[in-house]
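>>> Sequence first, then the predicted structure, then my questions.
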Amino acid sequence: MNKFLEKIKRGTNEIISIKELENKLKSGKKLRVKLGVDPTMPDLHLGHTVLINKLKTFQDLGHQAVFLIGDFTARIGDPSGRTETRSLLTVDQVKTNIKTYTKQVFKILDRKKTEIAYNSKWLENLGVTGLLNLAAKSTVAQMLVRNDFEKRYKKDESISIIEFLYPLLQAYDSVALNADVELGGNDQKFNLLFGRQIQKDYGIKDAQIVIIMPLLEGTDGIKKMSKSYNNCISLNDSSKDMFGKIMSISDSTMYRYYELLTNLDLNMIKNMHPKAAKKLLAEEIVKRYYGAKESLKALKEFDRIFIKRDIPENIEKCTMENVTLKLSDILIKSTMVSSKNEARRLIQQGAVKIDSQKIKDDIIINVHREFVLQVGKRKFKKITHQ
RNA sequence: GGGGGUGUGGCAGAGUGGUCUAAUGCACCAGACUGUAAAUCUGGCGGGCUUGUCCCUUCGGUGGUCCAAAUCCAUCCGCCCCCA
């Protein structure tokens, strides 16, 4: 029992309340564990998987994972952590997002053991009366307690009524699903607790336990992982990119990733050489999304390019029309740079290599034979003529 | 309906007539260093060529004033707040 609890506790910020959780676990009941995700973005990144991993932990312990797709709420947009009102999504956008989400989620969760729910099922039928009944259970003051709302209100920024409705709807999901546990990120704390309150209002005595996970830092190791900060490792990234990005995080961030993204023993990891540990982490994570084979390939490729400073195995070919061309023109024609000025700059800075030979001037090149053109450490193209 | 505010490069944010391709920070790119990194340091971060104290194009849109406009005026558009 304690071992189970330890697993659940790993990496969590807060569990409200731990006592209730212990009791529920002791009762031997198969707990309904809710994780709600709004399909608002085209794809998921590693930050999102922190919660999915936690849900997987419950699933592995024999509990019922309930993956809730907020197809209805996605159209409103969760104001959590936002500093501005977000624009509404169309039904079509939501639909395509759902597809990519589920595809990615079931690389982690066991599809057969997972209950998938869509909140449009009950929210669409709630009607104005239902909505009013729900809204009657809260007050404006209560909403304004919320940090992000309070800030925006004080700063004379707009808050849409629809945003007030959001926590109510999320809470109602917990009623509809009869959740025993709800998982959420740190920014979700208010909404999660609100779910507890509303459940009680609707006569559920044994209200949901709230498990709050930290938000995963992005590749910069400081800010939370988010597209807008440009510090994401997306599940859509190629195996090579994913591997490379993980290798580029700092050592301290690496341990964080271990804690939140894997189930590996942390003591063991801390005893490893950091470089080896980081490689293992990258391998583990890439393996999860691309399989062992691809993962090994990515590892080898990384060694080749960054450690041995060698040329990658498969390089995209690019055919030139003319035989003689300026180096800067070749760089543009092969789409390795976007402007001539940029090409000139990079050449001056010593970033451009032909067959591993640094070229420092914008010389004229004869494309008689095939050669490998390199820009920086990671961009390679094979240049040929006809 | 009335009053006020605001719109600057990927983001944040200076700049209120010439010295503005526009400070600064972040992000990004390259080089050096290294255990791949991170940190640090250096250079860069509109476009073009004839590489120059060169040319062209940017400060919500349009039109105007002026030798000269991100900066002034007019007008339009967007966003925000307050009062009713």
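Perfect, thanks for sending it.

>>> Which secondary structure element is home to residue A:297?
Using DSSP states H and E, the element containing residue A:297 is helix A:274-302.

>>> what does residue A:231 give?
In the assignment (DSSP H and E), residue A:231 maps to no helix and no strand.

>>> Next: residue A:184.
Counting by DSSP H and E, residue A:184 is part of strand A:181-185.

>>> Check the model's average confidence along that strand for me.
Strand A:181-185 carries an average pLDDT of 90.

>>> Not counting sequence-adjacent ones, nearest residue to residue A:110?
residue A:59 (6.1 Å; CB to CB, 6 or more residues apart in numbering). Backbone N, C-alpha and C define where each C-beta goes, glycine included.

>>> How many neighbouring residues does that neighbour have?
19 (other CB atoms under 10 Å).

>>> Contacts only, for it.
Taking CB atoms under 8 Å, 6 or more residues apart in numbering as the contact definition, residue A:59 lies against A:33, A:65, A:109, A:110, A:113, A:114.

>>> from the chain's centre, how far out does the strand holding residue A:184 sit?
Offset of strand A:181-185 from its chain centre (CA atoms, centre = their mean, to the nearest Å): 16 Å.

>>> Please apply the same query to stretch A:181-189.
15 Å.

>>> That stretch: end-to-end distance?
Chord length of stretch A:181-189, first to last residue, is 13 Å (CA to CA, to the nearest Å).

>>> What of stretch A:128-148?
With CA to CA, one end of stretch A:128-148 sits 27 Å from the other.

>>> Find the centremost residue of chain A, please.
residue A:45 (2.1 Å; CA atoms, centre = their mean).

>>> if I read this right, that one contacts residue A:229, doesn't it?
No. Applying CB atoms under 8 Å, one finds residue A:45 not in contact with residue A:229, separated by 10.9 Å.

>>> looking at chain A, which helix or strand does the model trust least?
None of the helices or strands of chain A scores lower by mean pLDDT, DSSP states H and E than helix A:147-154, at a mean of 70.

>>> between whichever helix or strand comes after that helix and strand A:181-185, how many degrees?
Later in the chain than helix A:147-154, the nearest helix or strand by DSSP H and E is helix A:161-177. Orientation check (axes from the mean of the first three to the mean of the last three CA atoms, to 10 degrees): helix A:161-177 against strand A:181-185 gives 150 degrees.

>>> any residue of helix A:161-177 up close to RNA strand B?
No. On the criterion CB under 7 Å from any atom of the strand, helix A:161-177 is out of touch with RNA strand B, staying 11.0 Å away.

>>> ok, residues contacting stretch A:15-26?
Residues outside stretch A:15-26 that contact it (CB under 8 Å, 6+ apart): A:1, A:4-5, A:8-9, A:31, A:180-181, A:192-193, A:196, A:206, A:209-212.

>>> next one: stretch A:313-325
Stretch A:313-325 is contacted by residues A:301, A:304, A:330, A:333-334, A:364-368, A:372, A:380-386 when judged by CB under 8 Å, 6+ apart.

>>> And for the closest residue to residue A:280 other than its chain neighbours, the neighbour number?
Among residues not flanking residue A:280 along the chain, residue A:272 sits closest, at 7.2 Å (CB to CB, 6+ apart). Residues lying near residue A:272 (other CB under 10 Å) number 13.

>>> close enough to count as contact, residue A:272 and residue A:281?
No. Counting by CB under 8 Å, residue A:272 sits too far from residue A:281 to count as a contact (10.0 Å).

>>> Show me where chain A dips below the pLDDT cut-off.
A:1, A:76-90, A:151-152, A:154-159, A:228 (pLDDT under 70).

>>> Residue A:58 - nearest residue in space that isn't next to it in sequence?
With CB to CB, 6+ apart, the residue lying closest to residue A:58 is residue A:33, at 4.5 Å.

>>> show me where the stretch 1-150 of chain A has strands.
Along the stretch 1-150 of chain A, counting by DSSP state E, counting those that start in this stretch, strands occupy A:14-16, A:32-37, A:64-69, A:114-118.

>>> Quick one: closest of those strands to RNA strand B.
Between RNA strand B and the strands of the stretch 1-150 of chain A, the shortest separation by CB to the nearest atom of the strand is 25.4 Å, and it involves strand A:32-37.

>>> ok, which stretches of the stretch 201-350 of chain A are strands?
Under DSSP E, counting those that start in this stretch, the stretch 201-350 of chain A gives strands at A:209-213, A:317-320, A:324-326.

>>> Reformat those strands as a markdown table; add mean neighbour count and distance to RNA strand B.
Compiled in a markdown table, the strands of the stretch 201-350 of chain A are given as follows (neighbours: other CB atoms under 10 Å; distance: least, CB to the nearest atom of the strand, whole Å):
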| stretch | mean neighbour count | distance to RNA strand B |
| --- | --- | --- |
| strand A:209-213 | 23 | 24 |
| strand A:317-320 | 14 | 16 |
| strand A:324-326 | 15 | 8 |
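
>>> could you dump those to JSON lines with distance to residue A:289?
Output for the strands of the stretch 201-350 of chain A, formatted as JSON lines (distance: least, CB to CB, whole Å):
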{"stretch": "strand A:209-213", "distance to residue A:289": "20"}
{"stretch": "strand A:317-320", "distance to residue A:289": "28"}
{"stretch": "strand A:324-326", "distance to residue A:289": "40"}
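
>>> and the residue of the stretch 251-386 of chain A found nearest RNA strand B, how far is that from residue A:351?
Relative to RNA strand B, the nearest point of the stretch 251-386 of chain A is residue A:376 (2.5 Å; CB to the nearest atom of the strand). Separation of residue A:376 from residue A:351 (CB to CB, to the nearest Å) stands at 5 Å.

>>> Those two: which has the busier surroundings?
Neighbours were counted for residue A:376 and for residue A:351 using other CB under 10 Å; residue A:351 has more, 17 against 12.
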